[in-house]
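Asker: could you work out the structure for the sequence below:
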Amino acid sequence: MLRFLASILALTIWSATALAEPVSYRLDAARSVVGYEVGFGDDLIRGQIPVAAADVTLDFRSNANSSVSVTLNAAGATSSFPFAEQALKGPKVLATGQFPTMTFRSSTLRIGTTTAEVDGQVTIRGVTRPVRLQAQVFRQRGTDAGDLSKMSVHLTGALNRSDFGATGWSDMVSDRVVIKVVARLDRVE
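Answerer: Predicted coordinates:
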């Protein structure tokens with residue numbers, strides 16, 4: 001999720017020098033995916049977490065005026081292993097009964113020639129930690145060159161679940177969680 005947001009910011013800012021003021025984007029939740037992967041012995045547990053809300057504002061002339069804020073519905077998280085899904089939502093991992101959402105708030109971004117880095121704060125289980133996401137931003141298929149009204153952002157990153165107190169089943173499940181986000185954004189007219 002976090003990298004997805006970072007990619008969106010990076011591509012739009014560095015591709016759209018013609019726009020001179022902040023632009024708001026709406027996340028197309030039906031076409032966007034916030035995914036995760038975590039090691040489980042020799043296997044991987046994969047899953048998704050639904051987006052509850054997202055606010056994306058991009059200023060193509062001033063990165064400092066750009067911001068991303070995302071809230072995920074942790075209680076709606078899914079898993080490729082059915083028994084793992086119940087454990088994921090339980091008190092030893094996400095504790096969704098007490099903490100039904102997770103959030104990300106951007107703080108800064110750095111834009112390169114084809115990639116971007118997005119720094120921000122992620123809150124899981126009521127614990128907030130810094131995170132850095134790598135991003136790639138693209139115009140969506142079917143749009144004209146220079147048309148930034150429809151963007152696709154691919155974000156990747158990782159975090160350690162133990163940093164947020166999600167330590168359940170550490171003897172079987174890896175601490176490192178890989179985040180993979182594909183975000184589809186539409187400019188708000």
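
Asker: when you work out contacts or count neighbours from here on, use the C-alpha atoms and nothing else.
Answerer: Noted.

Asker: just the helices in this structure please.
Answerer: Using DSSP state H, the helices of the chain run over 2-15, 82-89.

Asker: okay, now the unreliable bits of this structure?
Answerer: For the chain, the stretches flagged by pLDDT under 70 are 1-20, 60, 111-114.

Asker: switch to 50 and redo it
Answerer: Judged by pLDDT under 50, the chain has its weakly predicted residues at 3, 6-18.

Asker: in this protein, mark out all the strands, start to finish.
Answerer: 23-27, 33-40, 43-48, 51-58, 67-73, 101-111, 116-124, 127-139, 150-160, 173-187 (DSSP state E).

Asker: okay, the ones you listed in JSON lines with distance to A95 and mean neighbour count next?
Answerer: JSON lines is the format used below for these (distance: least, C-alpha to C-alpha, whole Å; neighbours: other C-alpha atoms under 10 Å):
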{"stretch": "strand 23-27", "distance to A95": "26", "mean neighbour count": "20"}
{"stretch": "strand 33-40", "distance to A95": "17", "mean neighbour count": "20"}
{"stretch": "strand 43-48", "distance to A95": "16", "mean neighbour count": "16"}
{"stretch": "strand 51-58", "distance to A95": "17", "mean neighbour count": "19"}
{"stretch": "strand 67-73", "distance to A95": "12", "mean neighbour count": "20"}
{"stretch": "strand 101-111", "distance to A95": "10", "mean neighbour count": "21"}
{"stretch": "strand 116-124", "distance to A95": "9", "mean neighbour count": "22"}
{"stretch": "strand 127-139", "distance to A95": "12", "mean neighbour count": "21"}
{"stretch": "strand 150-160", "distance to A95": "16", "mean neighbour count": "22"}
{"stretch": "strand 173-187", "distance to A95": "16", "mean neighbour count": "21"}
